[in-house]
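[1] Show me how the following folds:
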Amino acid sequence: MSSSPDIVVAFDLGGVVVDVDLSVLLALGTKDRVDAAFFGHDRHERLSVGGLSGAAFCAEVGADLDLSADDVADCWRRVVRFSPGGLELIEATARRQPVAIWSNTDPLHWSVLGPELTSLATAVSPSFLVGHMKPAAAYFTRACADLGVQRRQVLFIDDRADNVDAARDVGINAVVVRGVDAARAAIAALR
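    A predicted model of the protein is given here:
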């Protein structure tokens, strides 16, 4: 893989190098009850921007589902895992150029993914620490500040077009990719 060391590759996680499987939540109850408990009351969004702690999130969801907070936390952590080849792609990229992690994620999912990523990345900007979620311009402003680079020095890869469009709107080079192979191809295109 050839690349340009003066370009930072900013990885989104879910849909790019991480698989997200919400079906594991169905072990906790019916789809309607689970969806309402996890995603109702803007809980997930508050968790994802640092407005609700992981413990409080799990306690609230657990109360709605008549489960312990620990059972909820264990199940929620199983929703995410690195895609085959995903972590290896980040490792290989980090050997050639700076890497950043730009993800809408929460402290519970970060507890699964973050330990591997923190040692590889120049900067990590999970939304729960940034205080904003993509596609907000404030997210990208903070993430670039965390990196200490100009926006044009970043190649941001994300599986959602709205996030890519928002990044482009603030002057970041960004491409839509879905999956590890597409991410690898986008990085290989750097010369």
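[2] Quick test: name the residue nearest the centre of this structure.
    residue 103 (2.7 Å; C-alpha atoms, centre = their mean).
[3] what's that one sitting at in phi/psi?
    phi -140, psi 140 (degrees, to the nearest 10).
[4] Who is it paired with across the strands?
    residue 126 (DSSP bridges).
[5] Am I right that residue 49 is in contact with residue 127?
    Yes - if you go by C-beta atoms under 8 Å, residue 49 and residue 127 touch, sitting 5.9 Å apart. For glycine as for every other residue, the C-beta is placed from the backbone atoms N, C-alpha and C.
[6] shared neighbours, the two?
    residue 133 (C-beta atoms under 8 Å, 6 or more residues apart in numbering).
[7] Who has more neighbours out of these two?
    Taking neighbours as other C-beta atoms under 10 Å, residue 49 and residue 127 compare with residue 127 leading, 24 against 20.
[8] OK, contacts around that one?
    So residue 127 contacts 48, 49, 50, 103, 104, 105, 106, 133, 134, 139 (C-beta under 8 Å, 6+ apart).
[9] Look up the closest residue to residue 141, ignoring the ones flanking it.
    Among residues not flanking residue 141 along the chain, residue 170 sits closest, at 7.0 Å (C-beta to C-beta, 6 or more residues apart in numbering).
[10] residue ranges for the helices of this protein, please.
    With DSSP state H as the definition, the chain shows helices at residue ranges 31-39, 43-48, 54-65, 69-77, 86-96, 107-118, 127-130, 137-147, 161-169, 180-188.
[11] for the first one, packing partners?
    Contact analysis of helix 31-39 by 3 or more C-beta pairs under 8 Å, 6 or more residues apart in numbering; DSSP states H and E lists helix 54-65 as its packing neighbours.
[12] likewise the fourth one?
    Contacts defined by 3+ C-beta pairs under 8 Å, 6+ apart place helix 69-77 against helix 54-65, helix 107-118.
[13] The residue located most distally from the centre of the chain and residue 87, how far apart?
    Relative to the centre of the chain, the most outlying C-alpha is that of residue 66, 28.8 Å out, by C-alpha atoms, centre = their mean. For residue 66, the distance to residue 87 (C-beta to C-beta, to the nearest Å) stands at 36 Å.
[14] can you check residue 37 too?
    The gap separating residue 37 from residue 87 is 30 Å, by C-beta to C-beta.
[15] repeat for residue 76
    Taking C-beta to C-beta, one finds residue 76 at 20 Å from residue 87.
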